[in-house]
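*Asks:* Dropping a prediction and its sequence here:
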Amino acid sequence: MTATDQALDLARVAVAAAADKKAQDIVVLDVSDQLVITDCFVIASAPNERQVQAIVDEVEEKLRAQGAKPTRREGTREGRWVLLDFVDVVVHVQHTEERGFYGLDRLWKDCPRVAFPEAEVVADGPDANGSGRDGNGAG
């Protein structure tokens, strides 16, 4: 069994929303062969609680626009690991430290990863402040 098209569509929206808020290391796992309660996990991380919350808010807003509401929402008060359960897709937004400690990627390593180009986030670096991208030929 593989993830349904509906689950993959929702995961794609969640990935794009997380990427829009500069989530780090966005991964989508097809857990449909291992779990009967959901098809996909979307896992993303952020370096601080404020960014975790911004990512969560954006994911929720974009999925609501698609007609999906979370049936369960956990961890928003602490902002270290927020879980949004959309039934077909469960979104985990974790503080970088929690992600490293709990290792969802490792726990579910036997599940296939689903690649979405939307998951590519431009890393902050020398060009983040605009240098190299302002027409000077360096970017």
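*Replies:* Here it is on my side, so go on.

*Asks:* Make sure residue 71 is actually in contact with residue 88.
*Replies:* No - under the criterion of CB atoms under 8 Å, residue 71 makes no contact with residue 88, lying 10.4 Å away. C-beta coordinates here come from the backbone N, C-alpha and C atoms, glycine included.

*Asks:* Name the nearest residue to residue 55, ignoring sequence neighbours.
*Replies:* What sits nearest to residue 55 in space, not counting adjacent residues and going by CB to CB, 6 or more residues apart in numbering, is residue 21, at 4.5 Å.

*Asks:* Isn't the one you found up against residue 58?
*Replies:* Yes - the pair residue 21 / residue 58 is scored as a contact, 4.8 Å apart, by CB under 8 Å.

*Asks:* which residues pair with the closest residue to residue 74 other than its chain neighbours across the strands?
*Replies:* Of all residues not flanking residue 74 in the chain, residue 83 sits nearest, at 4.6 Å (CB to CB, 6+ apart). With DSSP bridges applied, residue 83 shows beta-bridge pairing to residue 74, residue 92.

*Asks:* can you tell me how far residue 83 sits from residue 109?
*Replies:* Distance from residue 83 to residue 109, counting by CB to CB, to the nearest Å: 20 Å.

*Asks:* So which of the two has more stuff around it?
*Replies:* Set side by side, residue 83 and residue 109 give different neighbour counts by other CB atoms under 10 Å, the larger being at residue 83 (17 against 10).

*Asks:* wait, isn't that one in contact with residue 71?
*Replies:* No - here residue 83 lies out of contact with residue 71, judged by CB under 8 Å, at a distance of 11.0 Å.

*Asks:* any common contacting residues for the two?
*Replies:* Counting by CB atoms under 8 Å, 6 or more residues apart in numbering, residue 83 and residue 71 have no contacts in common.

*Asks:* what's the residue most central in space within the chain sitting at in phi/psi?
*Replies:* The centroid of the chain falls nearest to residue 44 when counting by CA atoms, centre = their mean (3.8 Å). Backbone torsions of residue 44, given as degrees, to the nearest 10, read phi -140, psi 160.

*Asks:* Perfect, I'm done here.
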